[in-house]
Every structure is written in C-alpha cells, then in structure tokens.
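S.K.: no sequence on this one, just coordinates:
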C-alpha cells in the first residue's frame with residue numbers, strides 16, 4: 001500500500017512538473033532551440049567597433065527558425081514549406097518590453113501551416129508556440145477548385161501577413177489581418193467529401209487576435225489561443241499603434257483609425273486616402289509624431305491628423321524601416337545593404353553601405369517588412385531567411 005502511495009505521489013509530481021514547465025517539455029519535440037551567442041554576447045562583440053554585425057546562430061545545420069520547424073504533411077507543406085514563414089510576403093510583430101519577435105505566415109500556394117514562432121532576443125531562444133492546425137475543412141469552389149483549410153472561424157489559415165501582424169501593447173496580444181488562407185492544397189476532383197466540413201466562405205479575409213503567453217490570460221484569451229475579430233478585406237495590410245492605443249490600419253489604398261472593442265475590430269474613421277502605393281510597412285515615429293509608410297517605390301510620412309507631409313524615394317524594395325535612437329531612418333534589404341537617411345536634413349538623401357562578407361551576404365534580399373526592428377541604443381535586429389540566424393546590427397553614431 002505504501003509503495004503504491006509513493007508511486008502515485010511520484011506520478012502526480014511528475015505531471016505537475018510537466019504542466020508547470022511546459023516550455024521545457026517542448027524541448028523534446030524540437031519546439032525550442034538556443035543560439036550560441038546571446039544578445040549580451042553580441043553587444044560585447046560589437047563594443048569594439050563603431051558599426052557592424054553579429055549573428056545569433058543556433059549551432060549545427062539549422063541556424064535559426066528551421067531548428068524549431070514542425071514536421072508537416074504534404075497538404076500543409078504545399079510548395080515552399082515552412083521556409084515561407086520568413087521568405088514569402090511575411091512580416092513580424094515586436095514586443096519591446098520583453099524584446100520578443102513573433103513570426104507566422106505562409107499564404108497562396110507557399111505554405112499552409114499557421115503555427116506561431118517567437119524569438120526571445122535577450123536569451124537567444126527560438127520557440128515554436130503552436131503547431132500547424134490540421135487542414136480538414138474545405139472551401140466552396142473558386143476558380144474551378146476548392147482547397148483545404150483549417151477551421152477559420154476559430155483559427156487563421158496560413159496567410160501572407162505583409163505588414164498585417166502587430167503586437168498590441170495595451171493587451172499584450174497579437175493582431176493578425178489575413179487576406180485569406182493558403183490555397184495550395186486543392187481538393188482532388190472526385191475526392192469523397194464530408195459536407196459537414198464545408199466552409200463556403202472560409203477562404204475569405206479574416207482578422208484575429210492571439211494570446212502569445214505560455215501561462216497568462218490576456219484580454220480574456222487563454223494562453224496560446226486565437227479569437228476571430230472580423231471579416232473585413234484589408235487588401236495588402238499595414239498596421240501601427242499610436243501612443244493612445246488607437247490602431248492605424250490600412251490597405252494599399254486607404255488608412256483607417258480602428259480599435260478593439262468587446263472582441264471585435266471596430267473601424268472608427270478614415271485616416272488617409274493617400275496610401276495608394278501597394279504593399280508596405282507602417283511605423284510610428286514618436287519623436288516627430290509621424291507615421292512613416294515605406295513602399296517599394298515611395299516613402300510617405302503622415303501627421304497624426306492623416307495629412308501627408310513628406311514624400312521621399314526609398315533606397316530598396318525590401319519595405320523595411322526602423323527609427324534609430326537619434327531619429328535617423330534605417331532600412332535593411334535582407335542581405336548586405338543598410339541604408340540611412342536623416343529626414344530633417346534640408347536635402348535628405350539615403351547613405352547606403354554594402355557590408356559584403358562582413359554582414360548577412362547570402363540572406364534572402366527583400367520582403368523584410370517588420371522583420372527589422374530598432375531595439376534601443378542604435379541597435380537593430382533583423383532576420384530574413386532560415387539559412388541564417390538572427391542578426392544584430394550596430395549603427396555608427398553621427
């Protein structure tokens with residue numbers, strides 16, 4: 001009897017530890033990986049130079065996000081597989097308090113996995129927060145075919161995020177503006193179908209909120225859970241949050257003020273009709289009280305009233321932009337090129353540096369969006385491909 005009691009207590013203790021330390025348990029299935037260089041290690045390395053790069057790399061043949069990729073079936077893999085999370089038209093969301101970068105996305109025929117990843121900058125930890133949802137529902141026929149999707153009333157399908165993935169400081173949740181789920185998993189002609197799995201409008205646009213915490217309830221959402229917010233079509237989305245927590249969200253033709261109210265995304269008013277330059281990245285400049293909208297062919301600046309106040313040429317087509325401690329605009333093409341501009345100069349111009357072999361030369365160039373962030377003290381973090389780790393860049397002082 002005593003032996004059985006000891007065995008039972010041991011089992012309960014083991015289960016409690018497994019529950020309380022779920023993140024550690026994930027190590028066993030490849031959901032967590034550690035870089036050899038931490039953030040502080042890179043700062044120490046860069047202290048010897050005015051400007052330069054440091055790579056936070058996972059040891060071995062999988063140096064970055066690929067170290068925590070899930071195993072996926074053919075229906076989810078589609079054309080590119082999980083590499084599309086970084087290399088397709090996908091952005092990132094940044095939590096400046098914890099210094100976490102969040103990633104997700106696939107879209108079109110690239111990839112059908114809707115899993116969420118996190119890179120924890122200070123510790124150099126890659127973490128896959130969720131697994132891909134099964135694609136066990138299907139859409140009504142579009143263009144002559146149906147395709148397999150998850151239950152899009154509960155979770156997003158994999159989608160090209162463009163600049164439609166945003167961390168919300170007020171709720172510490174993520175906002176995701178989806179054009180619609182990936183459509184690369186077509187239903188085969190003649191395949192027997194369960195009509196209860198039909199979602200006639202499941203392939204349309206959706207907006208969602210996600211709680212990225214492993215343990216905390218946030219804005220009424222349990223840990224690692226999604227909430228459907230609406231079905232508005234945002235086109236090529238862009239997103240930013242103002243100091244008063246008003247959201248500025250846009251398609252390629254309009255920008256709107258919006259807010260989250262009682263689990264719904266509510267549009268308040270039109271912000272501007274000048275944003276007609278295709279997909280891009282929207283960031284808020286607190287010092288100047290401007291919104292910068294970076295596109296492939298133009299850089300626009302809007303006052304908080306929505307008035308267009310500047311129109312400048314961009315240095316590249318990567319659509320990335322971040323603001324340094326001293327107010328300079330800094331972009332990265334995803335490879336070797338870093339471009340810097342002081343918008344307050346009487347004749348502003350981009351200064352372009354090609355880092356060659358001293359930087360991420362073989363990285364995927366372009367489609368960076370907000371996978372490039374200023375993290376304080378003229379330090380920037382960037383990631384553009386699974387072939388590399390996460391890069392820390394130090395900008396030289398003026």
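M.R.: Here it is on my side, so go on. Note that the structure is a prediction, hence the values are computed from the model and not measured.
S.K.: any idea how far residue 147 is from residue 188?
M.R.: Applying CB to CB, to the nearest Å, the value for residue 188 to residue 147 is 11 Å. The way it works is simple: take the backbone N, C-alpha and C, and place the C-beta from them, glycine included.
S.K.: When those two are compared, which one has more neighbours?
M.R.: It is residue 147, of residue 188 and residue 147, that has more neighbours when counted by other CB atoms under 10 Å, with 25 against 10.
S.K.: show me where pLDDT drops low in the stretch 251-398 of the chain?
M.R.: For the stretch 251-398 of the chain, the stretches flagged by pLDDT under 70 are 275-276.
S.K.: how does it look with 90?
M.R.: 251-253, 273-278, 316-318, 361-366 (pLDDT under 90).
S.K.: can you give me the strands for it?
M.R.: Under the criterion DSSP state E, counting those that start in this stretch, the stretch 251-398 of the chain contains strands at 255-261, 264-272, 280-285, 290-295, 299-303, 308-312, 322-323, 329-332, 337-341, 351-354, 372-376, 379-382, 390-394.
S.K.: which stretch among these comes nearest residue 105?
M.R.: Checking these against residue 105 by CB to CB gives strand 280-285 as the closest, at 14.4 Å.
S.K.: domains for this protein, by residue range?
M.R.: Following automatic domain parsing, one finds the domains of the chain at 35-62+313-398, 69-233.
S.K.: How far off centre is the longest one?
M.R.: If you compare the mean C-alpha spot of domain 69-233 with that of the full chain, they lie 11 Å apart, counting by CA atoms, centre = their mean, to the nearest Å.
S.K.: Make JSON lines from the strands of the stretch 251-398 of the chain and add distance to residue 31 and mean neighbour count to it.
M.R.: Output for the strands of the stretch 251-398 of the chain, formatted as JSON lines (distance: least, CB to CB, whole Å; neighbours: other CB atoms under 10 Å):
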{"stretch": "strand 255-261", "distance to residue 31": "29", "mean neighbour count": "18"}
{"stretch": "strand 264-272", "distance to residue 31": "30", "mean neighbour count": "15"}
{"stretch": "strand 280-285", "distance to residue 31": "29", "mean neighbour count": "22"}
{"stretch": "strand 290-295", "distance to residue 31": "33", "mean neighbour count": "24"}
{"stretch": "strand 299-303", "distance to residue 31": "38", "mean neighbour count": "21"}
{"stretch": "strand 308-312", "distance to residue 31": "42", "mean neighbour count": "14"}
{"stretch": "strand 322-323", "distance to residue 31": "29", "mean neighbour count": "22"}
{"stretch": "strand 329-332", "distance to residue 31": "28", "mean neighbour count": "24"}
{"stretch": "strand 337-341", "distance to residue 31": "32", "mean neighbour count": "20"}
{"stretch": "strand 351-354", "distance to residue 31": "37", "mean neighbour count": "13"}
{"stretch": "strand 372-376", "distance to residue 31": "23", "mean neighbour count": "20"}
{"stretch": "strand 379-382", "distance to residue 31": "22", "mean neighbour count": "23"}
{"stretch": "strand 390-394", "distance to residue 31": "17", "mean neighbour count": "24"}
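S.K.: Figure out which of the ones you listed is closest to residue 117.
M.R.: When these are compared (using CB to CB), the closest one is strand 390-394, at 11.5 Å.
S.K.: Who does the closest one pair with, and is each partner parallel or antiparallel?
M.R.: Here strand 390-394 is paired, per DSSP bridges, with strand 52-56 (antiparallel), strand 379-382 (antiparallel).
S.K.: Of the ones you listed, which is nearest residue 203?
M.R.: With CB to CB as the criterion, residue 203 lies closest to strand 379-382 of the strands paired with strand 390-394, at 32.7 Å.
S.K.: Surely residue 66 is in a strand?
M.R.: No - per DSSP: H, G, I helix; E, B strand; the rest coil, residue 66 lies outside any strand segment and is helix.
S.K.: Out of the strands paired with strand 390-394, which is closest to residue 207?
M.R.: Between the strands paired with strand 390-394, strand 379-382 lies closest to residue 207; by CB to CB that is 26.7 Å.
S.K.: if we can go back for a sec, want to throw the domains of the chain into JSON lines with distance to residue 277?
M.R.: Formatted as JSON lines, these follow (distance: least, CB to CB, whole Å):
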{"stretch": "domain 35-62+313-398", "distance to residue 277": "10"}
{"stretch": "domain 69-233", "distance to residue 277": "13"}
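S.K.: on that earlier part again, out of the strands of the stretch 251-398 of the chain, nearest to residue 204?
M.R.: Distance to residue 204, taken as CB to CB, is lowest for strand 264-272 among the strands of the stretch 251-398 of the chain, at 14.9 Å.
S.K.: Which strands and helices lie in contact with that closest one?
M.R.: On a contact count with 3 or more CB pairs under 8 Å, 6 or more residues apart in numbering; DSSP states H and E, strand 264-272 meets strand 226-230, strand 247-250, strand 255-261.
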